[in-house]
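Peer 1: Based on what follows, work out the 3D shape:
(one chain, ligands or ions: 1)
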Amino acid sequence: MTPVALPVIGTPRTIVGGRSAHDGYQRGWGLMHAGVADLVARHPLYQAGLEASGGWSVMVESKRMNLFLILTSFFAGLDGQDVIEFGSYRGGNALFMARVLWDVAPGAKVYACDTYEGMPATDAGRDLHGAGDFGDSSCEALVQRRDALGLTNLVVVKGLFQDTFPAIARERPCFGLAHIDCDIYSAVKYTQAEVWPLMSRGGYVVYDDADTPSCLGATEAVEELVMQRKLHSEQVWPHWVFRAGL
Ligand SMILES: C[S@@+](CC[C@H](N)C(=O)[O-])C[C@H]1O[C@@H](n2cnc3c(N)ncnc32)[C@H](O)[C@@H]1O
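Peer 2: Now for the predicted structure:
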């Protein structure tokens, strides 16, 4: 697999404040201003991932492209390369990541976690979403599509994160990427705290929704993590990206 050619950035490739500004500029500035989005769109593995996703994701394109860049150009040196998605809805992005990972990290797994029955109870004081939102998903349909595509690296986990994640953690996975896309305060707060100790050194913690107008509860949970861990962002566009353990 030939990776996408990324722009030359003057900032040295060093870790300062727990993140590489260089890497953040390569992806974020590259996608927005330096033609990287066109290169990604034409990349055969990106197209294969899109095909696998079947249009079953509500994520915006630039965010999917950034995940693609992380997996194909920044993942190789990590100790652990498992991926977990908290909030998979119909599973389109999980299928996309499983297809890409199939080529770049054979043997690594993608865990796709959701109730597959919509949002649990939410906090009306913080969250715009309410219980049952995203309820039009189907765990069975996702499993069927996974099997039809032969993506044996995709593990579909049905239930509340608070109930299902302890069993995943007992397997002692080492995550290179945690994609947190669950929109509401309680779920973001729980998942980011529980997944952090299982991240590879330098692993990527990426939030789909904490910068969106409908998810201030998610924003609040991330703000609390930033204050608690004194983090700096590696990217704020197209989504919030942090590095664990640097
Ligand atoms: C915006 S959707 C995810 C979109 C998906 N990543 C995609 O690519 O289309 C958010 C999902 O988070 C799930 N969710 C929120 N809180 C949860 C919790 N505590 N346990 C399990 N799933 C939860 C909801 O069921 C919903 O499907």
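
Peer 1: Tell me the predicted confidence for the most centrally placed residue in the chain.
Peer 2: Taking C-alpha atoms, centre = their mean, the centroid of the chain lies closest to His179, which sits 2.2 Å from it. pLDDT for His179: 98.

Peer 1: which SS class is it?
Peer 2: Here His179 is recorded as strand under DSSP: H, G, I helix; E, B strand; the rest coil.

Peer 1: residues touching it, list them.
Peer 2: Counting by C-beta atoms under 8 Å, 6 or more residues apart in numbering, His179 touches 67, 83-86, 93, 97, 206, 208. From N, CA and C alone the C-beta is placed, and that goes for glycine too.

Peer 1: switch the cut-off to 6 Å
Peer 2: Shown in contact with His179 (C-beta atoms under 6 Å, 6 or more residues apart in numbering): 85, 206.

Peer 1: With the one 3 residues further on instead?
Peer 2: Going by C-beta under 6 Å, 6+ apart, Cys182 touches 86-87, 188.

Peer 1: Those in strands, which ones?
Peer 2: Phe86 (DSSP state E).

Peer 1: Serialize the contacts of Cys182 to JSON lines and add fields for neighbour count.
Peer 2: Listed next are the contacts of Cys182 as JSON lines, based on neighbours: other C-beta atoms under 10 Å:
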{"residue": "Phe86", "neighbour count": "25"}
{"residue": "Gly87", "neighbour count": "25"}
{"residue": "Val188", "neighbour count": "29"}
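
Peer 1: so which of the contacts of Cys182 are also by the ligand?
Peer 2: Gly87 (C-beta under 6 Å from any ligand atom).
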